[in-house]
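Novice: Build me a structure from this.
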Amino acid sequence: MLKLSESIYNAMRKHGEETYPHECCGVLLGRSHDGMNVVEDALRASNTRTDSAHNRYHIAPQELIRIQRQGRERGLDIVGFYHSHPDHPAQWSMTDFAEAHWLGCSYVITAVEKGAAQQTNSFRLTGTSEDDKSFEDETIQVEELVAGRC
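Specialist: Modelled structure (predicted):
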């Protein structure tokens, strides 16, 4: 299960709308326990793909290292990644699978149709190595914002 706040969920979806017709991408920071990835922050990343930004994304290694360091300074780990699929379903592609390497992490995909965020799905990368990795559908639990709560 992937657990995150309504504001983080909405921010990921808005990011996809803002970058349309290109894919957006970002990193989810939080904690993983009891089979659940709990997201405490979503950091936007630059899509460095210049050849196919409309249907591919890439986060530069330097940016990923910087984000990972920021998380560690706050006591958080990388628990997932997100990206958008412009005018395409919120389902992982063979390219998404081939480029997914962070076992145990959640991979969130939002379908953005004609500039508007639609379906958002999450897939957990399971397995013990590249040889037996697989994506499993993952439930997204969005915590609603409650007025008056800090």
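Novice: was I right about Val112 contacting Tyr82?
Specialist: No: in this structure Val112 lies outside contact range of Tyr82 using Cβ atoms under 8 Å: 12.0 Å. (Glycine included, C-beta is placed from N, CA and C.)
Novice: Which parts of the protein are strands?
Specialist: In the chain, the segments counted as strands under DSSP state E are 2-5, 25-33, 36-45, 77-86, 106-113, 116-126, 134-138, 140-143.
Novice: Quick check: which of the ones you listed is nearest to Thr95?
Specialist: strand 77-86 (10.9 Å; Cβ to Cβ).
Novice: For that closest one, the averaged confidence score.
Specialist: Across strand 77-86, pLDDT averages out at 98.
Novice: Kindly report the same for stretch 119-136.
Specialist: 97.
Novice: Using CSV, list the CA coordinates for it.
Specialist: Extracted in CSV, the C-alpha atoms of stretch 119-136 (Å, rounded to 0.1, in the frame of the first residue of the first chain):
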residue,chain,number,x,y,z
GLN,A,119,-6.6,8.2,-13.3
THR,A,120,-3.6,7.8,-11.0
ASN,A,121,-2.3,4.3,-10.2
SER,A,122,0.6,2.9,-8.3
PHE,A,123,2.7,-0.2,-8.8
ARG,A,124,5.2,-1.7,-6.4
LEU,A,125,8.4,-3.1,-7.8
THR,A,126,8.9,-6.5,-6.1
GLY,A,127,11.5,-9.2,-6.3
THR,A,128,15.0,-9.8,-5.0
SER,A,129,17.0,-8.8,-8.1
GLU,A,130,16.7,-7.6,-11.7
ASP,A,131,16.2,-11.2,-12.8
ASP,A,132,13.0,-11.7,-10.9
LYS,A,133,11.6,-8.2,-10.5
SER,A,134,7.9,-7.5,-11.2
PHE,A,135,5.3,-4.8,-10.8
GLU,A,136,2.4,-5.5,-8.5
